Structure formats: C-alpha cells, structure tokens
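> 3D, please:
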Amino acid sequence: MPTHRLVLSRLRRELPTMTAVVALIVITTTLLAVLARFVSAAGDSAARQALDGWTTAGQTTVRLDTHPNPAQRTATLAALREDAAGLPQAAITTSQVSVSYALPGKAANGDPPLMTFWAVDGLDQKAELQAGAWPAVGGSAATGATGTAGAAGGQTVQVAVPEAAATELKLTVGTTLTVTSRITQTPIQIAVVGIYRPRDPADRFWQLDPLGGAGVDHPQRAESGFLAYGPFAMDPAAFDRKPAPVELSTLRARVVPSTAGIGEAGLQHFADSLTGLVATLKADTRLGTAVQTSVAAPTQVGALRHSLAVIASSALIPTVLLAVLALCALVMSASLLAEYRALTTALMRARGAGAPTIGVQALGEALLFTVPAAVIAPFVAQVAVPHLFSGTSSAGSGAATWAAAALTAAVCTAALVV
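Now for the predicted structure:
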C-alpha cells in the first residue's frame, strides 16, 4: 500500500488522538507566532513613538553652523545638499546671514545701531505679514526718486523688517535708507517692502534668526555694546548681485530626516546615518571655515535599544514556559501515538519494510499536521495582534513571525517522528 494511503488509513483509525495532537500543534504554533508578532510590533511601535518625540523636540535635527566663502555661496549650498543626500527624505532649511551693517544715526553710546540681512527658507510659512509684501525674487529694484544718495550700484535691496524693529526705527512700507558694511564700508540702499511678525516665537525655526525672532537686541548696558535690529529678510539673490553684493557671513542649516517607516530594526542604521552625516559635514572643506555640527538622537538610540531588549527579554520568559509546556504535552501525545502505531510498525517490519520506509511514513504523517499550522499561524497572528494588544499595530516583523511558526512546526515534527 502506498505511504500516503497508510497515513490516511491510520489517521481514520486514530482520529480522536490525532485530533488532539493537531489541536495542540495548531494552538502552540499560533500562540508562539502571536507572541513573536507582538514583541516585534511593540518594539516597532515604541521605536516610532520615540522617533516622533525626538523629531518634535528637534533631537533628530542635524545642525550646521559655518562661515562659507561668499564667492562660493551657491557651491556651498550644493555641497550641503550632496552631503545630506544619504539621509531618508531629508528636509533642509538654510539660513544665510550677512555681516553687520550700520544703520543711519547714533545710539546712546555713540555707536551706530546695527542690522543684518537674512535669507532663510520658509519664512513666509513661519511669519505673517503685517503690511506690504515679501521681497521679490531677485531681491533688487531700481533706485527711485526717493532713494538715498550714495548707495553703490544704483539698486535697492528689497527687505521685510520685523515688526519690533520697524516700530523702534519708525520704518513703514516704502521707506528707503542706506546702510553701510562694518567690514568693507560699502553702502547699500534698502527699500522696505514688508513688515512681518513671527506666528509662533517659540517655534524652533526662530533659532535660525540671529536675534531669535525678537527683532531688537538692546545691550545690557547703554554705555557699552551695540544696539541690533533685524534681521531684515531679503531674497538670497542679493548675495550674488553685481556690483555691491550683500556680504555673506554665516550659513546655518537644519537637516531633518524623515523617520517614516523606521522600526526597531532600523534604529541603529538611522543613528549611524546621522553620525555619518555629522562627520561628513565636519570634513567637507566646501562648506567653509569654523564648521560646527551636532545632533542629539544617536546618543539616545543606544538607551532606547537597551530598553527594547529588556522588553523583548521579559516577553521571552512566558514564551519559553509556554513552549516547554507545549513540548511536554506534545511528547506525551507522541508517546500515545507510538503505542497506537506499534502494531502497524511491527506488521510493516514483518513485511520487510526498513527503518527509512517507516521513518518516511512517520515524517509524512507529522508534516500533514505541522505544515498547515506553520502556514496559518502567521496570518492569524497578523490579524490577532492589533485586536488583542492595544497600542500595537499589525506592522510587526513578518520575518520574526514566520520564523517563530517555522521553528515551532519543526520542533513539533521532530517530536512526532522521533
């Protein structure tokens, strides 16, 4: 009689015992697959929550401060984008600040009040206009009849002024005045085309502002220090105009990588990417001099991974206990099956069947139980985990679930065959 017919015949004769064994195998495989899925899903959920919190707190942001070569401004920005290309969907915000320029008049200590020009990404989203408009693309316009004489180049630089600075300086939309570089003494004429105010002064965006969004910086002592206003927002093209470009001093950049889809398994790679970017930026001479970079997240990833390992270890204890209990029950069932199969085995040996033939029959019988259980268990786990454990999702590791089911099925197969 063919092996598969022998297996089916024996299943019919031993149906109650076989049913108990099948139920035990299916339940054990499913429970262990659910536990594996839960541990994986819980780890991924904790990793995503931590990454979201770090992103909100700015701890995944790579910060760059440097003094670029003004003549290579465009190349510096291109180098920054090239260096950051390795991070997943990184959003880059740049803040370009000029040298200090002297405003007309004198402060109480006899020094002229100072201002700086500022070209920053996304200002129109983080500030609201109180009057006028944002500087036009290109940032310059021909000097009108009301312009102040003596500015170089015959072109005014359009600027938007912080409300606090405009109030103290009595600036309105349409005002023009001449400011002078404190480095080269080059005069530049500016035209106020807008007045703005931060939407949320506590937003970390204003860390890119030299004055932190305040608009005015009064010296602590009137007799010493400089009175500073600004920064006066402009289009970055003013840094490149000819003649008399606005003199670039500092480049600040914030690189914020996307954390979407990063789970527990991707934490270390993500941290290594941030650390690698910091090292790359420090070593890139195209970015200028006095390069300073920092990021906080990599130092916290180690602590998070340790906490997740503790959680996984805690879940491992009941898993091992369950596996041991299931194995004991399975061994007892297998012993009972061996007693039922003893007569059939003796008859097969009497008819000349060798150990390989008997073993193949036992293996086929065992696989008939364990393979379906190994296939069904991961799908049951995927559906069950989100409903049985609140706070997790079905996004756990499918590989871990399938591995747990396959390992359990293999152990059950060995117990039934041996």
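> quick one: the helices in the stretch 301-418 of the chain?
Ranges of helices in the stretch 301-418 of the chain, per DSSP state H, counting those that start in this stretch, are 355-388, 398-417.
> out of these, which gets the lowest mean score?
Lowest mean pLDDT of these: helix 355-388, a mean of 76.
> which parts of that helix are buried?
358, 361-363, 365-370, 373-374, 377-378, 380-382, 384-386 (16 or more other C-beta atoms under 10 Å). In short, each C-beta sits where N, CA and C put it, glycine included.
> swap in stretch 20-36?
Residues 21-22, 24-26, 28-36 are the ones in stretch 20-36 that count as buried (16+ other C-beta under 10 Å).
> next one: stretch 277-291
Result for stretch 277-291 [16+ other C-beta under 10 Å]: buried residues 277-278, 280-281, 284, 286-288, 291.
> which elements pack onto the host helix or strand of Q49?
Taking DSSP states H and E as the criterion, Q49 maps to helix 15-56. With contacts taken as 3 or more C-beta pairs under 8 Å, 6 or more residues apart in numbering; DSSP states H and E, helix 15-56 sits against helix 297-350, helix 355-388, helix 398-417.
> check which element follows it along the chain.
Once helix 15-56 ends, the next helix or strand along the chain (criterion: DSSP H and E) is strand 62-67.
> parallel or antiparallel, list what pairs with that following strand.
Here strand 62-67 has these sheet partners by DSSP bridges: strand 248-256 (antiparallel), strand 289-294 (antiparallel).
> go through the ones you listed and pick out the most buried.
Among these, the stretch with the highest mean neighbour count (mean count of other C-beta atoms under 10 Å) is strand 248-256, at a mean of 21.
> angle of that one against helix 15-56?
Interaxial angle, strand 248-256 versus helix 15-56 (axes from the mean of the first three to the mean of the last three C-alpha atoms, to 10 degrees): 160 degrees.
> longest single strand anywhere in this structure?
strand 187-198 (DSSP state E).
> quick one: strands adjacent to that strand?
Partners of strand 187-198 in the sheet, by DSSP bridges, are strand 127-132 (antiparallel), strand 155-162 (parallel), strand 176-181 (antiparallel).
> most centrally placed residue in the protein?
T259 (2.3 Å; C-alpha atoms, centre = their mean).
> got a pLDDT number for that one?
89.
> what about it, which SS state?
Put simply, T259 is coil when judged by DSSP: H, G, I helix; E, B strand; the rest coil.
> same question for the one 3 residues further on.
Three-state secondary structure (criterion: three-state DSSP) places I262 in coil.
> local confidence estimate at it?
Reported pLDDT for I262: 87.
> can you name the residues that contact it?
Residues in contact with I262 (C-beta atoms under 8 Å, 6 or more residues apart in numbering) are 47-48, 51, 88, 270.
> equivalent analysis for P113, please.
Counting by C-beta under 8 Å, 6+ apart, P113 makes contact with 102-103, 105-107, 169, 226-229.
> G86 too?
By C-beta under 8 Å, 6+ apart, the contact list for G86 reads 273, 276-277.
> what's the distance between it and A79?
With distances taken as C-beta to C-beta, to the nearest Å, G86 is found 13 Å from A79.
> T176 now?
T176 is 36 Å from A79, by C-beta to C-beta.
> which of these two has more neighbours?
A direct count of neighbours by other C-beta atoms under 10 Å for T176 and A79 places A79 higher, at 19 against 16.
> surely that one and G288 touch.
No - applying C-beta atoms under 8 Å as the test, A79 and G288 come out as separate, 9.6 Å apart.
> with adjacent residues omitted, what lies nearest to N69?
Among residues not flanking N69 along the chain, G288 sits closest, at 6.0 Å (C-beta to C-beta, 6 or more residues apart in numbering).
> surely that neighbour meets D65?
No - with contact defined as C-beta under 8 Å, G288 does not count as touching D65 (9.8 Å).
> can you list residues touching both of those two?
Residues touching both G288 and D65 (C-beta under 8 Å, 6+ apart): L251.
> output the lowest mean pLDDT helix or strand found in the chain.
Ranked by mean pLDDT, DSSP states H and E, the helix or strand of the chain with the weakest confidence is helix 3-13, at a mean of 61.
> quick one: residues contacting T408.
28-29, 32-33, 323, 373-374, 377.
> one more time with 7 Å
Contact analysis of T408 by C-beta atoms under 7 Å, 6 or more residues apart in numbering lists 28-29, 32.
> quick check: L35 vs P372, distance?
Distance, L35 to P372, using C-beta to C-beta: 20 Å.
> flag the shaky bits of the chain, pLDDT-wise.
Low-confidence segments of the chain, defined by pLDDT under 70: 1-15, 17, 139-154, 221-224, 334, 336-355, 357-359, 388-397, 418.
> let's see it at 90
Low-confidence segments of the chain (pLDDT under 90): 1-58, 86-89, 105-111, 137-155, 218-226, 241-244, 259-266, 296-418.
> out of the contacts of P113, the closest to A400 would be?
In terms of C-beta to C-beta, no member of these lies closer to A400 than A228, at 57.2 Å.
> bridge partners for that closest one, pull those for me.
In beta-bridge terms (that is, DSSP bridges), A228 pairs with L114, D217.
> burial count for it?
When counting by other C-beta under 10 Å, one arrives at 22 neighbours for A228.
> correct me, but it touches A107?
No - in this structure, A228 is not within contact of A107 by C-beta atoms under 7 Å, at 9.9 Å.
> ok so, going back, got the helices and strands packed on helix 15-56 as TSV, with distance to S98 columns?
Shown next, in TSV, are the helices and strands packed on helix 15-56 (distance: least, C-beta to C-beta, whole Å):
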stretch	distance to S98
helix 297-350	32
helix 355-388	54
helix 398-417	54
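> and L330, how many neighbours does it have?
Using other C-beta under 10 Å, L330 is surrounded by 19 other residues.
> grab the nearest non-local neighbour of it.
A415 (4.9 Å).
> re earlier: tell me the one among the contacts of G86 nearest to G132.
Nearest to G132 out of the contacts of G86 is L277 (C-beta to C-beta; 38.5 Å).
> confirm that closest one sits in a strand?
No - secondary structure assignment (three-state DSSP) places L277 in helix, not in a strand.
> contact partners for it?
Contact analysis of L277 by C-beta under 7 Å, 6+ apart lists 62, 83-84, 86-87, 255.
> can you rerun that using 6 Å?
By C-beta atoms under 6 Å, 6 or more residues apart in numbering, the contact set of L277 is V62.
> how much space separates it from L51?
In terms of C-beta to C-beta, L277 sits 16 Å off from L51.
> what do you get for A405?
Separation of A405 from L51 (C-beta to C-beta): 29 Å.
> all good on my end, thank you.
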